[in-house]
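> Quick one, what's the 3D model for this:
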Amino acid sequence: MTGLTDEQKAEYFRRSYTAVDGLWFMKVEEKLGFAEALQLDEAVWKVLPKIQARTLKRMMHLEGGLPGLQQALSARLALEGFEYEMERREEEEGFAVIVKRCPWHDLMIKSGRGKLSEQVSDLICRVENSVWASEFSGEGGEIGFEREERICRGEGRCVLRFGK
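I've put the predicted structure just below:
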């Protein structure tokens, strides 16, 4: 029908998704300033991950709990273009996501806004991943989220921990 491969279609929608996020933020920032734009962005990222998590849970037929969260996050990160590894942490009843390349940080650098990346990440990444953890919490207990290292602070990688 379109002459595009499934991979090309996915790339088109991924680029559109990231472009609209950045454009929306910059237009709000122009009108209301950076602090207000970041506050509104936080409100958006308190809702969008719920939609994403529930959609992947349904599409992938996943249960709640750490195994379901790990599978869903792996799918999400791959779809968004992250380079990452998952490490199971048996002793901590959880897992770590080691992010080697973050496409969101890359876009901030490319757009000349690298100095704002840490400030945006400090709020948005924390909110987004906490929402993902809460969407897979339930009968098996609450799943917590913590960050240790962050690319946007020049640490070379992000370490995201999910566990009980």
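
> For T18, which three-state class applies?
What DSSP: H, G, I helix; E, B strand; the rest coil gives for T18 is helix.

> Could you report the neighbour count for the closest residue to it other than its chain neighbours?
Using C-beta to C-beta, 6 or more residues apart in numbering and skipping the chain neighbours, the partner closest in space to T18 is L107 (6.3 Å). Backbone N, C-alpha and C define where each C-beta goes, glycine included. By the measure other C-beta atoms under 10 Å, the count of residues near L107 is 16.

> can you check L32 too?
12.

> Identify the residues contacting T2.
T2 is in contact with K9, counting by C-beta atoms under 8 Å, 6 or more residues apart in numbering.

> change it to 10 Å
Q8, K9, Y12 (C-beta atoms under 10 Å, 6 or more residues apart in numbering).

> What mean pLDDT does the strand or helix carrying the second one get?
Yep, that's K9 we're talking about. Using DSSP states H and E, K9 maps to helix 6-32. Mean per-residue pLDDT for helix 6-32: 92.

> give me the element the nearest residue to L48 once chain neighbours are set aside is part of.
With C-beta to C-beta, 6+ apart as the criterion, L48 has its nearest non-adjacent residue at 7.7 Å, and that residue is E128. Using DSSP H and E, E128 falls within helix 114-136.

> what's next to the helix or strand that comes right after that helix, contact-wise?
Later in the chain than helix 114-136, the nearest helix or strand by DSSP H and E is strand 144-147. The contact list for strand 144-147 (C-beta under 10 Å, 6+ apart) reads 69, 92, 94, 96-97, 121-122, 125-134, 137, 153, 158-164.

> tell me which residues in strand 144-147 are buried?
Residues of strand 144-147 classed as buried: F145, R147 (neighbour count, 16 or more other C-beta atoms under 10 Å).

> What strands flank it, and is each parallel or antiparallel?
In the sheet, strand 144-147 lines up against strand 158-163 (antiparallel) (DSSP bridges).

> Next, the angle from the partner strand to helix 114-136.
Calculated by axes from the mean of the first three to the mean of the last three C-alpha atoms, to 10 degrees, strand 158-163 forms an angle of 20 degrees with helix 114-136.

> Surely Q70 touches F136?
Yes: using C-beta atoms under 10 Å, Q70 makes contact with F136 at a distance of 8.8 Å.

> ok so, going back, list the contacts of the residue nearest to L48.
E42, V44, W45, K46, L48, P49, Q52, R76, W104, S121, F145.
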